[in-house]
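**Q** let me see the structure of the following:
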Amino acid sequence: MRKNSFNTTGRKTDAYLLQALHILFTEIQKLKTAVLDSIQADDDKVDLRDTAFVKDTVGVSDRTLLRYQNLGLIRVHQRDKGGKKYFKLDDVLRLKRYLNS
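**A** Numbering: from 1, shown residues only. Here you go, the predicted structure:
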């Protein structure tokens, strides 16, 4: 009997599993966003802050803030016609607490 005959999974199988987990994670994030949007659809009094405020409050750069958006740690709540991003103050404070913990 060979030394490694019990291990039938290879690197390709591991890569496929990681890819499947990544796809599953992104789908869960989309569902979470959809549910949160449906629950919080009636926010009339939302306190919005621009990107400069978020960067100063959290203490990150433009690139890092964009990375946090891609990871789903903070969401853009609204954009104006010029493309300027606005975030909810609650989300900004939540991100700051998350990064400082």
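**Q** and the next element down the chain from the host helix or strand of N70?
**A** Using DSSP states H and E, N70 sits in helix 62-71. Downstream of helix 62-71, the first helix or strand assigned by DSSP H and E is strand 78-79.
**Q** got the contact list for that following strand?
**A** With contact meaning Cβ atoms under 8 Å, 6 or more residues apart in numbering, strand 78-79 is reached by 48, 85-86. (C-beta placed from N, C-alpha, C; glycine too.)
**Q** how does it look with 6 Å?
**A** Contact partners of strand 78-79, identified using Cβ atoms under 6 Å, 6 or more residues apart in numbering, comprise 85-86.
**Q** each with direction, which strands does it pair with?
**A** Next to strand 78-79 in the sheet, as set by DSSP bridges, lie strand 85-88 (antiparallel).
**Q** what mean pLDDT does the partner strand get?
**A** Averaging pLDDT along strand 85-88 yields 94.
**Q** how far away from the center of its chain is it?
**A** Relative to the centre of its chain, strand 85-88 is centred 14 Å away, using Cα atoms, centre = their mean, to the nearest Å.
**Q** with only the CA atoms kept, save that strand in CSV.
**A** This file holds the C-alpha atoms of strand 85-88, laid out as CSV (Å, rounded to 0.1, in the frame of the first residue of the first chain):
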residue,chain,number,x,y,z
LYS,A,85,-21.1,58.4,-3.1
TYR,A,86,-23.0,58.8,0.1
PHE,A,87,-23.0,56.3,3.0
LYS,A,88,-25.3,55.9,6.0
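**Q** what's downstream of it, the next helix or strand?
**A** Counting by DSSP H and E, the next helix or strand C-terminal to strand 85-88 is helix 89-100.
**Q** so how far is N70 from L48?
**A** For L48, the distance to N70 equals 21 Å [Cβ to Cβ, to the nearest Å].
**Q** low-confidence ranges, this structure, go.
**A** Along the chain, the parts satisfying pLDDT under 70 run over 1-10, 40-44.
**Q** tell me the domain ranges of it?
**A** Using automatic domain parsing, the domain parsing of the chain gives 9-42, 43-101.
**Q** ranking the ones you listed by burial, who's on top?
**A** Among those, domain 43-101 has the highest mean neighbour count (mean count of other Cβ atoms under 10 Å), at a mean of 13.
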